[in-house]
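Q: Pasting the sequence and the predicted model now:
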Amino acid sequence: MSRQNKTNPGTDSAATSAVLHRDTRFLPKKAVGGKGSYLFLEDGTKFLDSTGGAAVSCLGHGHEKVSQAIVDQFKQIEYCHTAFFGTEASEELARFLVDSTGGRLSKLFVISSGSEAVEAALKLSRQYFLELSTPQPQRTRFIARKPSYHGTTLGALSAGGHVLRRQPFEPILSQNTSHVSPCYAYRGKKDGESDAEYVARLADELDAEFQHVGPDTVCAFIAEPVVGAALGCVPAVPGYFAAMKSVCEKYGALFILDEIMSGMGRCGTLHAWEQEDVVPDLQTIGKALGGGYAPVSGLLISDKVVQVIDKGTGAFRHGQTYQGHPVSCAAALAVQKVIREEGLLENVRRMGAYLEDRLKGALSAHPYVGDIRGKGLFWGIEFVKDRTTKEPFSTDAAIAFHIQETGLKPEYAISLYGASGTVDGVRGDHVIIAPAYNVSKEEIDIIVDTTVRVLDAVFAQVPES
């Protein structure tokens with residue numbers, strides 16, 4: 001199988017486009033409009049955006065309250081540099097989000113993308129140890145997990161543990177991050193092992209890594225509460241994050257939760273950590289923060305960290321041109337207010353349970369579906385060649401890619417976010433389904449039924465051997 005529709009009929013070829021597209025040999029169809037869960041394409045296709053892009057469009061498209069908030073902010077003030085001025089939009093957003101944590105995270109740093117949020121978290125972690133009353137300049141390292149993904153900038157990519165994403169840039173990545181096993185019960189938990197035993201084993205592994213690299217050299221441990229693109233919506237077993245935080249506290253390191261993909265309501269609570277009340281020292285947020293209405297991400301910071309900086313230099317040695325951008329802040333605040341006013345977290349939980357039931361009912365017995373996992377409206381399907389051995393398909397088969405591409409065809413018109421490297425950063429395939437928080441039961445039915453048809457079409461072309 002090869003990529004379908006290398007260029008779009010009736011349009012210029014990819015070679016004549018001035019845009020550096022994700023694939024230089026492929027000109028994607030243009031989206032010309034959107035409303036609710038649907039995008040409208042230039043060829044007339046009504047496309048069900050069942051992944052919200054990359055788990056971004058949490059309110060769907062064309063929400064009038066959010067659009068109006070953006071227009072109002074443009075009319076008031078569209079930009080000012082934070083070295084000179086603040087804005088009411090940034091103050092209101094920060095107060096809303098700090099209050100949403102019950103004050104346990106006390107400040108917000110606003111930037112434009114998830115990668116930038118992770119960069120800020122890494123740098124602030126380092127600065128924290130430099131500004132303690134007794135500085136600890138030897139802390140220069142981080143511990144993350146395999147095969148995690150925390151962003152594309154060099155610092156964020158260095159923190160991640162996804163082999164394929166790191167591979168081309170390995171020679172220029174920082175060498176100060178080491179990686180431990182993820183909490184991935186489908187592949188990591190041993191036969192007969194209880195959740196508590198599994199957690200204890202992973203905690204021992206993290207503890208051993210601290211000892212290996214030098215317990216007083218680690219700035220922080222970073223992990224996603226529910227692993228997104230790298231593993232396909234893998235939640236941790238109960239007690240895991242409490243155990244990981246305990247190890248960090250034992251050695252005085254900070255505890256960072258990357259909630260860029262899994263947070264801001266995606267898993268059924270505004271912050272994913274709320275479900276087990278394991279509060280991070282630093283928390284990155286993005287994607288559903290602004291729902292795609294403006295580029296925006298953030299770093300929520302615990303008062304412990306804030307107080308150290310405040311009593312030290314009083315300045316975070318990091319800044320960006322568009323930090324605290326008033327239009328982005330206004331968009332994010334409007335999105336968050338809509339989620340609250342329309343009771344959408346309850347809909348995430350209700351429709352998430354329905355999506356889980358439908359997916360498992362339709363696909364649990366599928367010969368090539370190994371695991372269905374997730375939380376809220378954040379679900380992943382992992383594909384295997386053999387359900388008994390859990391052997392993945394060969395990388396040459398490019399299963400996830402073909403599922404995603406097939407879904408884009410007009411006869412299916414559905415987004416299925418495909419990714420590879422599920423097993424070890426190279427092998428393994430999964431897709432993610434992450435619809436809008438205001439998705440309806442009828443739309444969930446369409447998503448599941450269409451997903452089944454897409455899988456039937458793709459696996460009909462897979463050789464038996």
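A: Arrived safely.

Q: Quick check: phi and psi on the residue nearest the centre of the chain?
A: The centre of the chain sits closest to M261, judged by C-alpha atoms, centre = their mean, with a distance of 2.2 Å. Backbone torsions of M261, given as degrees, to the nearest 10, read phi -100, psi -40.

Q: With V110 instead?
A: phi -110, psi 130.

Q: Check G34 too.
A: Taking degrees, to the nearest 10 as the convention, G34 sits at phi -170, psi 150.

Q: Report the secondary structure state of I260.
A: coil (DSSP: H, G, I helix; E, B strand; the rest coil).

Q: so who does it touch?
A: Contact partners of I260, counting by C-beta atoms under 8 Å, 6 or more residues apart in numbering, are G114, A117, V118, G151, E224, G228, T284, I285, G286, K287, S297. Yep, even glycine has a C-beta here, placed from its N, CA and C like the rest.

Q: which one of the residues you listed sits closest to P367?
A: G228 (26.2 Å; C-beta to C-beta).

Q: How about that closest one: what's its closest non-neighbour residue?
A: M261 (3.5 Å; C-beta to C-beta, 6 or more residues apart in numbering).

Q: from memory that neighbour sits against L231, does it?
A: No: here M261 lies out of contact with L231, judged by C-beta atoms under 8 Å, at a distance of 11.0 Å.

Q: For the host helix or strand of E442, buried residues please.
A: Secondary structure assignment for E442, by DSSP states H and E: helix 441-459. If you call a residue buried by 16 or more other C-beta atoms under 10 Å, then helix 441-459 has these buried ones: E443, I444, I446, I447, V448, T450, T451, V454, L455, A457, V458, F459.

Q: For it, which helices and strands make contact with it?
A: If you count contacts as 3 or more C-beta pairs under 8 Å, 6 or more residues apart in numbering; DSSP states H and E, helix 441-459 packs onto strand 46-48, helix 344-363, helix 399-407.

Q: tell me the mean pLDDT over that helix?
A: Summarised as a single mean, pLDDT over helix 441-459 is 98.

Q: next one: the lowest-mean-pLDDT helix or strand in the chain to chain centre, how far?
A: When each helix and strand of the chain is scored by mean pLDDT, DSSP states H and E, helix 163-166 comes last, with a mean of 90. Here the centre of helix 163-166 is set off from its chain's centre by 16 Å, with C-alpha atoms, centre = their mean, to the nearest Å.

Q: what sits up against that helix?
A: By C-beta under 8 Å, 6+ apart, helix 163-166 touches P147, Y149, T152, L157, G160, L173, S420, G421, D424, G425, V426.

Q: quick one on the thing from earlier: and for the helix holding E442, what are the contacting residues?
A: By C-beta under 8 Å, 6+ apart, helix 441-459 touches 37, 48, 50, 351, 354-355, 358-359, 362-363, 366-369, 381, 399, 402-403, 406-407, 412-414, 416, 433, 435.

Q: That helix to helix 344-363, inter-axis angle?
A: Between helix 441-459 and helix 344-363, the angle comes out at 40 degrees (axes from the mean of the first three to the mean of the last three C-alpha atoms, to 10 degrees).

Q: Dump helix 441-459 to CSV, restricted to CA.
A: Extracted C-alpha coordinates of helix 441-459, given in CSV (Å, rounded to 0.1, in the frame of the first residue of the first chain):
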residue,chain,number,x,y,z
LYS,A,441,-24.0,10.1,21.5
GLU,A,442,-25.0,9.9,17.9
GLU,A,443,-21.5,11.2,16.9
ILE,A,444,-19.9,8.6,19.1
ASP,A,445,-21.8,5.9,17.2
ILE,A,446,-20.6,7.3,13.9
ILE,A,447,-17.0,7.4,15.1
VAL,A,448,-17.0,3.8,16.3
ASP,A,449,-19.0,2.4,13.4
THR,A,450,-16.7,4.2,10.9
THR,A,451,-13.6,3.1,12.7
VAL,A,452,-14.7,-0.5,12.4
ARG,A,453,-15.2,0.0,8.6
VAL,A,454,-11.8,1.6,8.3
LEU,A,455,-10.1,-1.2,10.1
ASP,A,456,-11.9,-3.8,8.0
ALA,A,457,-10.7,-2.1,4.9
VAL,A,458,-7.1,-1.8,6.1
PHE,A,459,-6.7,-5.3,7.5
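
Q: so who does L206 touch?
A: Contacts of L206 (C-beta under 8 Å, 6+ apart): I143, V180, F221, M244, V247.

Q: can you give me phi and psi for it?
A: phi -60, psi -40.

Q: From D281, how far out is it?
A: 16 Å (C-beta to C-beta, to the nearest Å).

Q: what does I403 give?
A: From I403 to D281 the distance is 38 Å (C-beta to C-beta).

Q: Repeat that for R126.
A: Following C-beta to C-beta, the distance that separates R126 from D281 is 13 Å.

Q: Three-state assignment for E197, please.
A: helix.

Q: Show me what counts as buried in stretch 138-145.
A: Quick answer for stretch 138-145 (16+ other C-beta under 10 Å): R139, R141, F142, I143, A144, R145.

Q: what's it in contact with?
A: 122, 125-126, 129, 150, 159-161, 176-182, 206, 209-210, 213-214, 216-223, 253.

Q: any idea of the mean pLDDT for it?
A: pLDDT averaged over stretch 138-145 gives 98.

Q: what separates that stretch from the chain centre, distance-wise?
A: 21 Å.

Q: Overlap of the contact sets of M261 and L231?
A: In contact with both M261 and L231: no residue, using C-beta under 8 Å, 6+ apart.

Q: okay if I get the contacts of L206 as JSON lines plus distance to C80 and secondary structure?
A: Below are the contacts of L206 laid out as JSON lines (distance: C-beta to C-beta, whole Å; DSSP: H, G, I helix; E, B strand; the rest coil):
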{"residue": "I143", "distance to C80": "39", "secondary structure": "strand"}
{"residue": "V180", "distance to C80": "43", "secondary structure": "strand"}
{"residue": "F221", "distance to C80": "36", "secondary structure": "strand"}
{"residue": "M244", "distance to C80": "40", "secondary structure": "helix"}
{"residue": "V247", "distance to C80": "43", "secondary structure": "helix"}
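
Q: For the least confident helix or strand of the chain, buried residues please.
A: Buried, per 16+ other C-beta under 10 Å, within helix 163-166: L164, R165, R166.

Q: For S328, state which of those residues is nearest.
A: Nearest member of these to S328, counting by C-beta to C-beta, is R165, at 25.9 Å.

Q: thought S181 was touching S148?
A: No: using C-beta under 8 Å, S181 is not in contact with S148, being 10.6 Å away.

Q: of the two, who's got more company?
A: S148 (25 against 15; other C-beta atoms under 10 Å).

Q: List the single closest residue to that one in space, sequence neighbours excluded.
A: Nearest one to S148, counting by C-beta to C-beta, 6+ apart, is G161 at 4.7 Å.

Q: re earlier: in a markdown table: the buried residues of helix 163-166, plus distance to L59.
A: A markdown table is the format used below for those (distance: C-beta to C-beta, whole Å):
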| residue | distance to L59 |
| --- | --- |
| L164 | 32 |
| R165 | 29 |
| R166 | 33 |
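
Q: V163 and K146: what is the separation?
A: For V163 relative to K146 (C-beta to C-beta), the value is 8 Å.
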